[in-house]
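Undergrad: curious how this folds, go ahead:
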Amino acid sequence: MVMKKILALATLAAANYGAVSPAYAQDSIKIGVIAAFSGPFADYGKQMEGGIKAYMAQHGDSVAGKKIEIIIKDTTGPSPEIAKRLAQELVVRDKVDFLAGFGLTPEALAVAPVAEQAKKPMIIMNAATSAITTKSSYIVRFSMTLPQISAPMATWAVKNNIKKVVTLVADYGPGIDAEAAFKTELVKGGGTVVEAIRVPLRNPDFSPYIQRIKNAKPDAVFIFVPAGEQSIAFMKGYRERGLGEAGIKVIATGDLTDDHVLPAMGDATLGVITTFHYSAAHKSPENQAFLKSFAEANPKSGRPNFMAVGAYDGMAAIYEVVRKLNGKIDGDQAMAILKNIKLNSPRGPIAIDPNTRDIIQTVYVRKVEKINGEPYNVEFDKFTDQKDPGK
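TA: Here you go, the predicted model:
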């Protein structure tokens, strides 16, 4: 059943992205996109696919005389074993020039050895555990790391007299990274983590954890959970258990108030403070062009989120490499370009740190407010030129 889905998606991708016939395969640049397109994290893959479509709609499907061919593979994730097998198939059978996607850390880590052995540039469009780029010299990340966005949240909190905090994070790499970075900065500023809660990655029941938070009576709870259903579930519990009335603020990474699901979360999110690298409400010509292109290329998909932007920027980087290499892709030459790339993204200026192959970008402090009756993450402060503090 999984392979049927994979083949169906690959066929759809070929139709959508102007894939060329086998007779002209040498005239194409092949990008294998590995992510969850079904299962509990299906929105991750769909958002990244939407960002890819938006970039190609805006910039065309040919670079340096080569057609850009997207081959989509569904992990049904989080499924590291499937991700690794799909990467091997893409390299050996499809002879891709780039591996891309990777919504989830376990899948990115599983594919890293394949990229290293095959010398294929691996473009991370979302997965946010700090250590990922250390696992292969062919990995470059265009999304963010959890320490990069969590540490500024703690800095902001202590400056605003939030000193006593409970942390609640998903119990896997990104969550553990977020917890550690937040605590380090909070304690440095004179604050205290009174309780650290970790919840299962799959289908957590937030009720008992929310009661523990209420009983601890902190100034705030710091949250990292994967964007989507878990964000909605936590905020529903927060409202129903009366944490707001008890004076317990919510501070979080931007995953909690993900742009794509924010309209469905209702007024419970109003006033929530987050730190993040992208908001659909970001004011810039680049973001306006992105929003327009995304809407046109993905009708009825709703708002794009940070994963769509990560994919959009990942495609911008790939196009730049293809242009500079005149369509003749060599893994080492491609990485030399990627390690020094700078782009004007819909989120603001971004660059890659050549020493870590991780992204340098602005992290914004945002508050959920209504714009024309709809909730948005409205930026009101920022930390410029942020690197991953763990590197």
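
Undergrad: got a list of what the residue nearest to K249 when sequence neighbours are not counted touches?
TA: Excluding its sequence neighbours, the residue lying closest to K249 (Cβ to Cβ, 6 or more residues apart in numbering) is A220, at 4.0 Å. Any C-beta I mention is one placed from the backbone N, CA and C, and that applies to glycine too. A220 is in contact with A157, I162, K164, V165, V166, I248, K249, V250, I251, counting by Cβ atoms under 8 Å, 6 or more residues apart in numbering.

Undergrad: go again with 6 Å.
TA: I162, V165, K249, I251 (Cβ atoms under 6 Å, 6 or more residues apart in numbering).

Undergrad: Three-state assignment for the spatially most central residue of the chain, please.
TA: Nearest to the geometric centre of the chain sits N126, at 3.0 Å (Cα atoms, centre = their mean). At N126 the chain is in coil, as set by DSSP: H, G, I helix; E, B strand; the rest coil.

Undergrad: same question for A351.
TA: Relying on three-state DSSP, one would call A351 strand.

Undergrad: following the strand or helix carrying L291, which helix or strand comes up?
TA: Using DSSP states H and E, L291 sits in helix 285-297. Note on helix 285-297: by DSSP H and E, the next helix or strand toward the C-terminus is helix 306-324.

Undergrad: what residues go with each domain of this protein?
TA: The chain breaks down by automatic domain parsing into domains covering 2-144+284-354, 146-276+363-386.

Undergrad: any low-confidence regions in this protein?
TA: Along the chain, the parts satisfying pLDDT under 70 run over 1-26.

Undergrad: so which bits of the helix or strand harbouring F380 are buried?
TA: Element membership for F380 (DSSP H and E) is strand 374-386. By neighbour count on 16 or more other Cβ atoms under 10 Å, the buried set for strand 374-386 is P375, Y376, N377, V378, E379, F383, Q386.

Undergrad: same question, stretch 168-180
TA: Neighbour counts over stretch 168-180 (16+ other Cβ under 10 Å) mark L168, V169, A170, Y172, G173, P174, G175, I176, D177, A178, E179, A180 as buried.

Undergrad: count of neighbours near the closest residue to the fourth one other than its chain neighbours?
TA: It refers to Y172. Leaving out its chain neighbours, the residue that sits closest to Y172 by Cβ to Cβ, 6+ apart is L201, at 4.9 Å. As a burial measure, L201 scores 21 neighbours (other Cβ atoms under 10 Å).

Undergrad: do T192 as well
TA: 12.

Undergrad: now for L325: which residues touch it?
TA: L325 touches Q333, counting by Cβ under 6 Å, 6+ apart.
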